[in-house]
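Peer 1: test case, fold it:
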Amino acid sequence: FIPHIMGVEVDMMMKMEEKDAYAVLGVSRDADERTIRRAYHKLALRMHPDKVQARAKGLSQDGTTEEAKPVDLEEAKIKFQQLQKIFQVLSDPDRRAQYDETGSLDDDDDSLLGSKFAGKDFSELYAYYRSVFAKVTEEDIAAFELKYRGSEEESRDLLDLYEKHEGRMNLVFSYLLCSRPGEDAERFASVIDAAVGRG
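Peer 2: Sure thing, here's the model as predicted:
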């Protein structure tokens, strides 16, 4: 269902309160990309702040005069931005799948349509976190260590930490990934001496 042009501001405000991106567009959750795009374009044409302002001044889309209505232009801009955000998410397959799972349009912004995680306890939030980010295993750590130790990246990190902590090796070892003072002291000394020699 696409709101009628005369009541679009009221209808959209009510739909935004539904906190469901599909309901705002007036499409079903299994709508294809074409249906979502068409629904967005129809609403965008009606919700654009310039169109809202023109209707408020009493001008219809066909140029005839209608009864002037009060309008909050800032609110119209906010609603239009919300509509754009909804389309950005639902038109991208990956972001749409994430929205379908979480109910949130954006990881770091739950202010547009609200977040289904508000008020959840830690165990529920942790379960979601684990579903998005795979658990790091001991094998993952061993593989990283094998790749990192002796690499150019390790040498850069070592020299950055050596400079940052003004040569205090106890701090360098504390902050450098996968470092072992007993095993790495001589190797690190060689890397530092070579860098000092290069100036």
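
Peer 1: which elements pack onto the host helix or strand of Ile78?
Peer 2: Ile78 belongs to helix 73-90 when assigned by DSSP states H and E. With contacts taken as 3 or more C-beta pairs under 8 Å, 6 or more residues apart in numbering; DSSP states H and E, helix 73-90 sits against helix 8-17, helix 21-25, helix 33-47, helix 49-56, helix 93-102. In this view, the C-beta of every residue, glycine as well, is placed from N, C-alpha and C.

Peer 1: possible to save those helices as TSV with distance to Arg180, mean pLDDT and mean neighbour count?
Peer 2: Shown next, in TSV, are these (distance: least, C-beta to C-beta, whole Å; pLDDT from 0 to 100; neighbours: other C-beta atoms under 10 Å):
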stretch	distance to Arg180	mean pLDDT	mean neighbour count
helix 8-17	56	46	17
helix 21-25	51	90	22
helix 33-47	53	88	16
helix 49-56	61	72	17
helix 93-102	40	87	14
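
Peer 1: nearest to Gln82, out of those?
Peer 2: Nearest to Gln82, of all the helices and strands packed on helix 73-90, is helix 8-17, at 6.1 Å by C-beta to C-beta.

Peer 1: residues contacting Gln88?
Peer 2: By C-beta atoms under 8 Å, 6 or more residues apart in numbering, Gln88 lies in contact with Arg95.

Peer 1: distance check, it against Ala21.
Peer 2: According to C-beta to C-beta, to the nearest Å, Gln88 and Ala21 sit 10 Å apart.

Peer 1: same deal with Asp94?
Peer 2: The spacing between Asp94 and Ala21, counted by C-beta to C-beta, is 15 Å.

Peer 1: can you give me phi and psi for the nearest residue to Glu145 once chain neighbours are set aside?
Peer 2: If the residues on either side of it in the chain are set aside, Glu145 comes closest to Cys178, at 4.6 Å by C-beta to C-beta, 6 or more residues apart in numbering. In terms of degrees, to the nearest 10, the main-chain angles of Cys178 are phi 60, psi 20.

Peer 1: my guess is Arg37 meets Leu90, correct?
Peer 2: No: between Arg37 and Leu90 there is no contact under C-beta atoms under 8 Å: 9.2 Å.

Peer 1: grab the nearest non-local neighbour of Gly150.
Peer 2: Excluding its sequence neighbours, the residue lying closest to Gly150 (C-beta to C-beta, 6+ apart) is Arg187, at 7.8 Å.

Peer 1: state the pLDDT value of that neighbour.
Peer 2: Confidence at Arg187, expressed as pLDDT, is 95.

Peer 1: cool, and Asp92?
Peer 2: The model's pLDDT for Asp92 equals 89.

Peer 1: residues near it, how many?
Peer 2: Number of residues near Asp92 (other C-beta atoms under 10 Å) recorded here: 13.
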